[in-house]
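Participant: sequence and predicted model, in that order:
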Amino acid sequence: MAVITGIPAKRTAAVRPVVGPTAGGVQRSWRTPISLRSAHRRPAYVSGSLACSIAVAAAAIALSASTLAACGSSEAPNTITLYNGQHPELTGAIVSAFEKSTGIQVRVHTDDGVILADEILQAGSATPADVYLTENSPELMLLQQRQLLSTLPRSILDQVPQSENSPTGDWVAVALRVSALAYNPSLIAERDLPAHLLDLGKPAWKGKLAIAPTDSDFVPLVGAVIATYGKSIALRWLRGLKANAALYQDDEAVVAAVDRGQATVGIVNQYYWYRLRLEQGATHTHSRLYYFPDHDIGGIENISGAAVLASSRHKALARKFVAFLVSPQAQGILAAGDDYEYPALSSVAPNPALPPLSQVKPAVLDVVRLGNDLPAASLLQAAGLT
């Protein structure tokens with residue numbers, strides 16, 4: 001049975017090939033251009049019994065884990081296995097630079113960070129993973145709570161602000177993103193946008209909002225609302241969203257719908273809007289990005305991080321890779337790419353297209369307070385959104 005329930009993986013159609021190096025040659029993943037994402041309303045993820053959905057997910061996970069175990073049965077020397085929940089394009093570029101710099105080879109297994117965390121939880125000490133890299137801190141906190149991660153040396157942890165790392169030193173921050181609101185200025189003026197995220201649950205926003213509640217990037221936002229206002233208010237807000245919003249498969253589909261004018265506003269992580277603008281060009285982008293003011297929880301800062309598994313048989317090599325992730329070289333690759341995430345290393349300037357975080361004024365929650373994904377997943381189900 002899947003341990004993290006109610007949070008499906010992101011699914012993308014096979015439209016655009018993306019190539020990244022791996023130990024075995026070339027890893028191909030696929031990404032649909034954001035501008036082509038489906039704009040159709042999507043039903044809630046769970047249909048029929050929850051047990052059936054979990055059984056299907058567990059079978060897929062077991063097949064993936066057994067495939068990896070078979071691949072790793074004759075381990076190559078000087079090789080580690082990376083469970084990658086980050087964007088494959090970014091990870092591929094960093095892995096390529098690491099392999100070239102160190103001679104250490106990296107097998108990359110890419111999936112949604114939540115699915116990878118489930119695989120690790122189910123496999124326990126039998127997981128083939130040496131390093132886990134994911135987009136959001138709650139998955140890391142869950143693995144930390146289950147004592148499945150190895151403490152990192154201070155030489156790695158001290159590269160980034162300690163407030164962004166594991167409180168026990170089990171994982172390190174790699175990148176930062178901020179939740180925001182994409183809006184279409186032909187449908188609404190900026191002055192009429194909500195000052196608070198919770199306002200979007202009010203009847204005034206019925207028929208104007210787009211959300212992707214089954215996108216794993218939405219779950220930490222729900223967790224932030226729970227941590228700030230409590231479960232009762234969070235559940236009321238989610239039920240308001242269900243009444244008001246059109247539901248989409250993922251944040252890419254949300255931002256595309258807003259850009260086409262099929263939704264007035266949409267809750268997304270900011271980098272999806274920047275990637276849409278890069279794809280279409282500024283003159284052909286009809287939406288804009290709005291950051292909730294004054295550290296409102298709608299602008300929660302999300303932390304992407306990396307950890308070495310406690311069960312890894314290649315801890316020294318795995319730590320070298322995690323150290324590389326927070327090095328100026330890897331952080332520079334992140335900043336120079338089209339991922340539009342903020343480097344965790346404060347000495348590396350972000351992509352010049354991004355406003356400084358000091359200007360954005362995100363809501364910053366302690367990672368312990370934000371916790372793991374389980375309460376948020378439970379509330380999303382209770383609200384009928386998954």
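Facilitator: Sure thing, it's come through. Numbers count the residues shown, from 1 in each chain.
Participant: so what's the most centrally placed residue in the chain closest to, chain neighbours aside?
Facilitator: Centroid-nearest residue in the chain, with CA atoms, centre = their mean: residue 135, separated by 3.4 Å. Ranked by CB to CB, 6 or more residues apart in numbering and with sequence neighbours excluded, the top spatial neighbour of residue 135 is residue 304, at 4.8 Å. Quick note: C-beta positions are derived from backbone N, CA and C, even for glycine.
Participant: that's a strand at that neighbour, yeah?
Facilitator: Yes: membership of residue 304 in a strand is supported by DSSP: H, G, I helix; E, B strand; the rest coil.
Participant: re the thing from before, got the phi and psi for the residue nearest to the centre of the chain?
Facilitator: phi -80, psi -20 (degrees, to the nearest 10).
Participant: same thing with residue 310?
Facilitator: phi -60, psi -30.
Participant: you'd agree it is up against residue 144?
Facilitator: No: counting by CB atoms under 8 Å, residue 310 stays clear of residue 144, with 10.1 Å between them.
Participant: between these two, who's got more neighbours?
Facilitator: Between residue 310 and residue 144, counted using other CB atoms under 10 Å, residue 144 has the larger neighbour count: 22 against 17.
Participant: from residue 323, how far out is the more buried one?
Facilitator: 19 Å (CB to CB, to the nearest Å).
Participant: equivalent analysis for residue 184, please.
Facilitator: For residue 184, the distance to residue 323 - CB to CB - is 43 Å.
Participant: mind listing what residue 277 touches?
Facilitator: residue 285 (CB atoms under 8 Å, 6 or more residues apart in numbering).
Participant: what pLDDT does it get?
Facilitator: With respect to pLDDT, residue 277 scores 97.
Participant: what's the answer for the one 3 residues further on, then?
Facilitator: Reading off the per-residue confidence, residue 280 sits at a pLDDT of 95.
Participant: give me phi/psi at it?
Facilitator: Main-chain torsions, residue 280, degrees, to the nearest 10: phi -90, psi -20.
Participant: okay, and residue 321 sits in which element?
Facilitator: Element membership for residue 321 (DSSP states H and E) is helix 315-325.
Participant: tell me the buried residues in that helix?
Facilitator: Going by neighbour count (16 or more other CB atoms under 10 Å), the buried part of helix 315-325 is 315, 317, 318, 319, 320, 321, 322, 323, 324, 325.
Participant: what strands line up against the strand of greatest length in the chain, and which way round?
Facilitator: Secondary structure assigned by DSSP state E gives strand 172-183 as the longest strand of the chain. According to DSSP bridges, strand 172-183 forms sheet pairs with strand 265-269 (antiparallel), strand 288-290 (antiparallel), strand 301-309 (antiparallel), strand 342-343 (antiparallel).
Participant: for stretch 217-233, C-alpha coordinates in CSV please.
Facilitator: Extracted in CSV, the C-alpha atoms of stretch 217-233 (Å, rounded to 0.1, in the frame of the first residue of the first chain):
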residue,chain,number,x,y,z
ASP,A,217,3.1,21.2,-5.8
PHE,A,218,-0.3,22.1,-4.5
VAL,A,219,-0.1,20.0,-1.4
PRO,A,220,2.6,22.0,0.4
LEU,A,221,0.4,25.1,0.0
VAL,A,222,-2.4,23.3,1.7
GLY,A,223,0.0,22.2,4.4
ALA,A,224,1.0,25.9,4.9
VAL,A,225,-2.6,26.9,5.3
ILE,A,226,-3.1,24.1,7.9
ALA,A,227,0.1,25.2,9.7
THR,A,228,-1.0,28.9,9.8
TYR,A,229,-4.8,28.7,10.3
GLY,A,230,-5.6,25.2,11.5
LYS,A,231,-7.4,22.3,9.9
SER,A,232,-10.9,23.7,10.4
ILE,A,233,-10.2,26.9,8.5
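Participant: run through who's touching whatever helix or strand comes next after the longest strand of the chain.
Facilitator: Counting by DSSP H and E, the element after strand 172-183 in chain order, helix or strand, is strand 209-211. Identification of contacts with strand 209-211 by CB under 8 Å, 6+ apart yields 200, 218, 241, 244-248, 254, 257-258, 262-267.
Participant: if we go to 7 Å?
Facilitator: By CB atoms under 7 Å, 6 or more residues apart in numbering, the residues outside strand 209-211 that reach it are 200, 218, 241, 244-248, 254, 257-258, 263, 265-267.
Participant: for the residues you listed, which one is nearest residue 114?
Facilitator: residue 218 (11.2 Å; CB to CB).
Participant: test my guess that the closest one contacts residue 212.
Facilitator: Yes: applying CB atoms under 7 Å as the test, residue 218 and residue 212 come out as touching, 5.7 Å apart.
Participant: how is the protein carved up into domains?
Facilitator: For the chain, automatic domain parsing gives the domain ranges 17-34+43-176+303-352, 177-300+375-382.
Participant: need those domains in a markdown table (columns: distance to residue 367).
Facilitator: Output for these, formatted as a markdown table (distance: least, CB to CB, whole Å):
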| stretch | distance to residue 367 |
| --- | --- |
| domain 17-34+43-176+303-352 | 5 |
| domain 177-300+375-382 | 10 |
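Participant: among those, which is nearest residue 368?
Facilitator: Closest approach to residue 368 among those (CB to CB): domain 17-34+43-176+303-352, 5.7 Å.
Participant: same question for that closest one, mean pLDDT?
Facilitator: Domain 17-34+43-176+303-352 comes out at a mean pLDDT of 81.
Participant: gap between it and the chain center?
Facilitator: 11 Å (CA atoms, centre = their mean, to the nearest Å).
Participant: over to stretch 213-222?
Facilitator: 9 Å.
Participant: how far does it stretch from one end to the other?
Facilitator: 9 Å (CA to CA, to the nearest Å).
Participant: next, count neighbours for residue 260.
Facilitator: For residue 260, using other CB under 10 Å, the count is 14.
Participant: what's the answer for residue 141, then?
Facilitator: By other CB under 10 Å, the residues close to residue 141 number 24.
Participant: many thanks, we can stop here.
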